[in-house]
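[1] Take a look and give me a structure for this.
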Amino acid sequence: MPPAKAVLSAPRDAAKGVTLREIRQALQRGEFIYYYQPKVSMVSGRISGAEALLRWRRPDGSMIYPNEFIPVAESTGFITEVTIRMLERLVVDIARIRPVETGLVVSFNASARDFEDHRFVTALFRLFDRGQLAAEEIEVEVTESAALGGKAGLVEQLLQLRNRRVALAMDDFGAGYASIDALSRLPFTRRYRQMLWNAWRESRGVLPRVAFDQFSIHELRTGAHER
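    Just a heads-up that it's a prediction; the model follows:
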C-alpha cells in the first residue's frame with residue numbers, strides 16, 4: 001500500500017474576492033469569530049478592556065480578514081445579520097471573561113448600515129433585558145465616516161444607546177475644525193483629552209459646545225494607541 005499523502009490547504013487567492021453566498025454560509029457554520037486585542041492602562045499597567053476584532057476562520061484554518069468581506073457584507077446590507085449574530089458570540093465570550101476579571105469593557109465595531117433600521121439596537125436591548133449582558137460591559141465603536149455621514153436615524157439610535165448607559169466611541173477619528181464641529185453635536189461618550197486640547201488650540205469656540213456630564217467624559221478616540 002503506498003504511503004498516505006499529506007493534504008495541505010492551498011493558499012487562498014484573495015484577488016478572487018468572496019461572495020455574499022460564502023459570507024452567508026460562513027455565518028451559518030459559525031466560521032466568524034472574535035479575536036480580542038487587550039487595552040492596557042498606561043497608568044496602572046493593568047488590562048482595562050479589550051477590542052473585539054472580527055475574523056473569518058475557514059475550516060481549513062485559512063483566515064479571511066475584514067477588508068475582504070466587510071465591503072461585500074455592507075454593500076448588500078447583510079452586515080447587520082453578521083453584527084446581530086456576533087452579539088451572541090460576544091455574550092458567550094464575556095461570560096467566560098467575567099470569572100477571570102471583572103469590570104473589563106469590551107468594544108466592538110458597528111457599521112453605518114446597522115443603524116438603518118432598529119434591528120441591531122433592539123437585539124442589544126433584548127440581551128440587556130434578559131440579563132445576558134450588562135450595558136457597562138460593552139462599548140460600541142462607530143467609524144467617523146458613518147457618524148458624520150449618517151442620517152437622523154443614526155443619531156436617534158445613538159441617543160437610545162447612550163440613554164441605556166452604553167459607552168459610545170468614534171473609531172479612527174481624523175482631525176480638523178469641521179470634524180470637531182460635527183462631533184460636538186453627536187452623543188459619543190469616550191474621546192481623548194489630548195486631541196481635544198489640540199483641537200481647542202486650533203478651533204477656539206467649537207469645543208465649548210461639547211457637553212460634559214458625569215456619564216460622559218467626552219474624550220476623542222483616535223485608534224493610534226492601538227496601532
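
[2] from here on, contacts and neighbour counts on C-alpha atoms
    Fine.

[3] From T19, how far off is A73?
    Distance of A73 to T19, given as C-alpha to C-alpha, to the nearest Å: 9 Å.

[4] Neighbour count: the two, which is higher?
    Between A73 and T19, A73 has the larger neighbour count (other C-alpha atoms under 10 Å), namely 21 against 12.

[5] Would you mind listing the residues in contact with the residue lying closest to A135 once chain neighbours are set aside?
    In this structure, A135 finds its nearest non-sequential neighbour in V166, 5.1 Å apart by C-alpha to C-alpha, 6 or more residues apart in numbering. V166 makes contact with 135-136, 138-140 under the criterion C-alpha atoms under 8 Å, 6 or more residues apart in numbering.

[6] L133: how many residues sit nearby?
    Neighbours of L133 under the rule other C-alpha under 10 Å: 21.

[7] I meant P99, not that one.
    What P99 shows, counting by other C-alpha under 10 Å, is a neighbour count of 8.

[8] So what's the model's average confidence on the longest helix along the chain?
    The single longest helix within the chain, with elements called by DSSP state H, is helix 79-97. In this model, helix 79-97 carries a mean pLDDT of 95.

[9] After that helix, which helix or strand is next?
    Downstream of helix 79-97, the next assigned helix or strand under DSSP states H and E is strand 105-110.

[10] Show me the strands in this structure, by range?
    For the chain, applying DSSP state E gives strands covering 32-40, 47-57, 63-64, 105-110, 138-143, 167-171.

[11] Quick one: the helices in this protein, in order.
    Under DSSP H, the chain gives helices at 20-29, 66-76, 79-97, 119-129, 144-149, 152-163, 177-183, 193-202.

[12] Mind checking those helices for the one nearest to F108?
    Closest approach to F108 among these (C-alpha to C-alpha): helix 79-97, 9.1 Å.

[13] Show me what that closest one is in contact with.
    Contacts for helix 79-97 (C-alpha under 8 Å, 6+ apart): 27, 32-34, 70, 73, 106, 110-111, 113-114, 119-120, 123-124, 132-133.

[14] Could you do stretch 100-114 as well?
    Residues beyond stretch 100-114 that count as contacts (C-alpha under 8 Å, 6+ apart) turn out to be 47-53, 74, 77, 79-80, 83, 94, 120, 136-143, 146-147, 150, 154.
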